[in-house]
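Student: missing the sequence, but the structure's below:
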């Protein structure tokens, strides 16, 4: 009877913990910084990842799917369902994929490809999975979008009520000051699919938090911290050390790098800033609340995000454009994320 | 035993007929001319309609769904499944719906709305239904698209192999000579969602037949024929007579009507031209085979289709742009379509 | 006294003829067909050419100036002042010049370049000359524009009343059916400088006659006629025979030629159609009177002209878009033009 | 003889001063801040204004011309020639004029209009005057452009060598951070005529200094300083006090004012920042040297200027984008400017 009571108590506690946990879906074009952000979510005790949806971007969709599976394997969390999403932007493009993190998106250093990877991807399309999971847990799910916003745009087309069923939305993407990293004025994730970024920022009326390119760059960490981060004694840190082995030199190089020209040197794990905001709101210490819009035309400005602080556009919906970060708290989340799995 | 043999023979024959039937999915923004085209398919002995998918356009998506149900009811074919699709264009728009055929798309004359209509629409989304039905019958299904091409564009995003699983594609839309009916240079269905039209004409590499605005206008019928058509003694004819009662005057009016200015007077049932081409290929007596592309920019030309007869665009895929029609055969298909259901 | 009376009579007649003569300024990007058009004007007894203004287009502006001088020399009319105008389009472009008629615009066959040609060009800029000549002869001057419309656009910017001081304006350029010869949907002269074409068609409210690409192609002459034309025994014919010697083969080739694909074979001297309309209005037997506008945006439609026959644009000004030509009269003007100078 | 020597000495000094003086042409859409900038130039001992060219912008061209005449009259410098330039943007627009400083551009408070003003304007067009004056003083003339850049764009079209004949070019216009004051992302002078701004920044290869909107806003003065400025005992100060009488309240209002939202409160005399840079280079204490380009397309970004600090555009020409100002020196130039004319 005592054993039974103990069990009941345990179950009760478990439920309480589960209830307290934030349900999160991660939509990702899994490159190196996405891997870091996913690990941060996996390590966070208050986060329950209900699914990972994949999208093209840092690599072709096939690579992205495999990268996500690999990150989950490293952290021994293969139970989380992974869904394949769009392999091209909404309106289409010839060569939509970047090789910033190598052809495979994870630094082109991993060799032991899993021949059965396709079987480990759910058969349901990412867009249908997004709709199903969010509909089943209305106002419970936080969506963290780390790549081009194609899957989100498709979700609102297939289910117009999708945005209002979300608890909230965290996006890594866009910019605040007209400075771009992929074209002269546009940030990578938005430039990869400007129409989808436009749709999401016009039609997703749930609470929305934007970690822009400038936000992450202005809150960069030191390269000393990065060394400390990957030298930790855990599989996740070892994995990160391996996948960054080739590109570290490139990332630290100052001459050919826009980040350095505009914002000075430092280690910037873009997607981790959006994820951190979702995991612990107090990591964000300042933000601008205003409507935003994505420019769809132009040779330099296509994909650029503009802030409307003077209500020029007569939009009723405002988003939170993050501006300042508690770098100490953020650093702790990063350190914790690479200590997985607990031995 | 003889009876059994007869039955077997009958079954055999039935199978042969079924096998010979063309499987057709109709994607429609059901206004008056869509209703006419659907009835033409319903009346055709060689056509099996495996589903009707709805899209905004001539009316709001809710009206379109009800209009399709009503047409099927008039023809006593309620068994055909109807699916609800996109209510807005791919990239979004404020007021995407036309009132050319009245607010409800069927002339604003019908009063006995069905309060249970939503239950009669399948719960599956039109885009998922398109993918499922076409995947289950690879290379067997002809898709006839009578409205904005939003559902088709979404289908190829969710299933990149969707186009190659189609038998063929018939589209009412686009133009050949830079003359528009909704803007200065763009045809209604393409102007309603230029991005989707662009996607379909770039990515649907199945055999594609285009009944453009000019094609239908240049092969117009007389108003005398129209009177003969709707005066036939059958529920379908009576229904057509009712729904055209208000707008006939408008359609025949010459001053405010682009069709008359450009092509002269006459009765033009746009969507029926695309459907007729699907039902009986010999209705089309001439066509241009060349690549085409939709212009996405411009104040006058957004949504305009251009023919590339000199291989400027270096596209490998050509479509059939219909130019001449066997008006006699076409008239017979129309007459037959309004004699439903057989008493 | 009798001699004196004769002289008086002669002078009187001369004055009458002069009074009756149409004053014409030719704005040209002098290629082979411009040369033909200029010769047509030189040969016309009712035309007084008060000046020729040059613009880039068929060749670089330096070649254009030399070509005009050469045409005037062949016809022994060196007295007509020639002005140098814009060498680039209004908003600028990298490679604005065509080599359709060879690098020099006159078939790359002429060798005896005049080292003093620059001295024979007036020092006044073409735009200032246009304004001065037209201001001095208000409502007397017909302007015949055979190239990109840059000089005309600049003239209205420097003198907003320039258009209303013109008698009328004849333009070779634009299109009627969305078919282009340089891009998929735009005609050469308009595509070379879409902004200038836009400005002229929006702001030149004088009577305006447009000889479009389709107009000239649809009223093509035979290659037999062309042979007859250049075999005439006169310096002008000999000159035309020389400059067309290289490109005749190319022009008659059917496979790589848009004109043939769209309109069938034949000899088309584009600019001559606009000039003929100015010399003798009865050469034009049919035209559409309506507002027009040039599209400024788009990948295929930039530079395309659209006809607004249904008053979509709410413009008050209409132009004459020529559609049919008295080919016999036109042929006679051509034949006459190459019989110069009279021996 | 002593007198003669004195005279010689005086003449010598005068020559030396004249030689040392910077020759300046001011191109202006004379509103209140242009008036301030012109007065600054008039008061500067090292500046010789060789002409003022007018352009639409803050007011219609007719008002601009009268405003310039009035400023010169207040400062008793009516001898400086004033030229009328373009009244519309290069490519044309329906309503090109702002009423930020009232309909007349000078606060709508002045009543004694001069009925003879048109006679006081030179008959030569501003664009021809620019070309003539600069050609006559090659590499001697600094051009200070305070309005839309239409006259400059027209000048390079009429004389392609115009830019290289300039000593240098100072522009008030454009922006650095994607923030606009007239549209969401574009600054007034550039938004008024994006094509001309584009042309000038692509084709004027002389040393070019840009006082952007953000530069002037970030170096704002206090409203206390403004009171001190206009309370000075001189006709110029009194004039400035009168013309700012109505709009001071508006300018200081915080709620409807973009400047305050983006940069905080303060008095900003935009055009004076460009003029100050010309008068005394040491007023500018920091600038970015890089290529720039103007975006011509887009609903929000048309007219926006982008800085290319990472050589994305492969342009060879860099401009100086001013970033920091010696506010004390600048204040002294302003104070001095309103002490005119010396009694």
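Tutor: Done, it's in. Just so it is clear, the structure is predicted and the values come from calculations on it, not from any experiment. Numbering: from 1, shown residues only, chains lettered A, B, ... in the order given.
Student: where are the low-confidence patches of the stretch 1-150 of chain A?
Tutor: Low-confidence segments of the stretch 1-150 of chain A (pLDDT under 70): A:1-4, A:13-19, A:93-97.
Student: neighbours of the residue in it positioned nearest to chain C, how many?
Tutor: Nearest residue of the stretch 1-150 of chain A to chain C: residue A:91, at 13.0 Å (Cβ to the nearest Cβ). Just so you know, the C-beta spots here come from the backbone N, C-alpha and C atoms, and that holds for glycine as well. Using other Cβ atoms under 10 Å in any protein chain shown, residue A:91 is surrounded by 22 other residues.
Student: make sure it is indeed in a helix.
Tutor: No: under DSSP: H, G, I helix; E, B strand; the rest coil, residue A:91 falls outside any helix and is assigned coil.
Student: ok, it - contacts?
Tutor: By Cβ atoms under 8 Å, 6 or more residues apart in numbering or on different chains, the residues touching residue A:91 are A:193, A:195, B:90, B:91, B:195, B:198, B:199, B:296.
Student: I'd say the fifth one and residue A:194 touch.
Tutor: So that's residue B:195. No: the pair residue B:195 and residue A:194 does not pass the contact test of Cβ atoms under 8 Å, sitting 11.5 Å apart.
Student: ok, those two, which is more surrounded?
Tutor: For residue B:195 versus residue A:194, neighbours defined as other Cβ under 10 Å are more numerous around residue A:194 (26 against 22).
Student: which ones are touching the more buried one?
Tutor: Here residue A:194 is in contact with A:186, A:294, A:295, A:296, A:302, A:303 (criterion: Cβ under 8 Å, 6+ apart).
Student: tell me which parts of chain A are close to chain B?
Tutor: A:86-88, A:90-92, A:125, A:127-128, A:150, A:154, A:157-160, A:195, A:198-199, A:202-203, A:296-297 (Cβ under 8 Å from any Cβ of the partner chain).
Student: give me the distance between the helix or strand where residue A:191 lies and the centre of its chain.
Tutor: Assigned by DSSP states H and E, residue A:191 belongs to helix A:188-192. What separates the centre of helix A:188-192 from the centre of its chain is 13 Å, taken as Cα atoms, centre = their mean, to the nearest Å.
Student: what of stretch A:217-234?
Tutor: Mean C-alpha position of stretch A:217-234 versus that of the full chain (Cα atoms, centre = their mean) differs by 19 Å.
Student: in that stretch, what's buried?
Tutor: A:217, A:218, A:219, A:220, A:221, A:226, A:229, A:230, A:232, A:234 (16 or more other Cβ atoms under 10 Å in any protein chain shown).
Student: what about the second one, distance to residue A:263?
Tutor: Put plainly, it is residue A:218. Counting by Cβ to Cβ, to the nearest Å, the separation of residue A:218 from residue A:263 is 6 Å.
Student: swap in the first one?
Tutor: Counting by Cβ to Cβ, the gap between residue A:217 and residue A:263 amounts to 4 Å.
Student: give me the secondary structure label for the closest residue to chain C within the stretch 201-343 of chain A.
Tutor: In the stretch 201-343 of chain A, the residue that lies nearest chain C is residue A:297 (8.1 Å; Cβ to the nearest Cβ). Secondary structure state of residue A:297, per three-state DSSP, is coil.
Student: ditto for the one 5 residues further on
Tutor: With three-state DSSP as the basis, the three-state label of residue A:302 is coil.
Student: for the stretch 1-150 of chain A, what spans make up the helices?
Tutor: A:2-20, A:32-43, A:61-74, A:117-120, A:126-136, A:150-158 (DSSP state H, counting those that start in this stretch).
Student: just the pLDDT at residue A:331, thanks.
Tutor: Listed pLDDT for residue A:331 reads 97.
Student: need the phi and psi values for residue A:169.
Tutor: Main-chain dihedrals, residue A:169, degrees, to the nearest 10: phi -140, psi 130.
Student: make that residue A:221, sorry
Tutor: phi -100, psi 170.
Student: what sits closest to the residue in chain A positioned nearest to chain D if chain neighbours are left out?
Tutor: Distances between chain A and chain D by Cβ to the nearest Cβ are smallest at residue A:178, namely 2.3 Å. On the basis of Cβ to Cβ, 6 or more residues apart in numbering or on different chains, the spatially nearest residue to residue A:178 that is not a chain neighbour turns out to be residue D:178, at 2.3 Å.
Student: so the one you found makes contact with residue A:186?
Tutor: No: with contact defined as Cβ under 8 Å, residue D:178 and residue A:186 do not form a contacting pair (10.7 Å).
Student: of the residues of chain A next to chain B, select the buried ones using a ChimeraX command.
Tutor: Per 16+ other Cβ under 10 Å, the buried members of the residues of chain A next to chain B correspond to this ChimeraX selection:
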select /A:86,87,88,90,91,92,125,127,128,150,154,157,158,159,195,198,199,202,203,296,297
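Student: what's the burial count for residue A:282?
Tutor: Residue A:282 has 9 nearby residues by other Cβ under 10 Å.
Student: swap that for residue A:316, sorry
Tutor: So residue A:316, with other Cβ under 10 Å, has 8 neighbours.
Student: cool, residue A:209 as well?
Tutor: 21.
Student: the strand or helix carrying it: partners in the sheet, and parallel or antiparallel?
Tutor: Under the criterion of DSSP H and E, residue A:209 resides in strand A:208-211. Next to strand A:208-211 in the sheet, as set by DSSP bridges, lie strand A:168-172 (parallel), strand A:319-325 (parallel).
Student: out of these, deepest packed?
Tutor: Of these, the one with the most neighbours on average (mean count of other Cβ atoms under 10 Å in any protein chain shown) is strand A:168-172, at a mean of 26.
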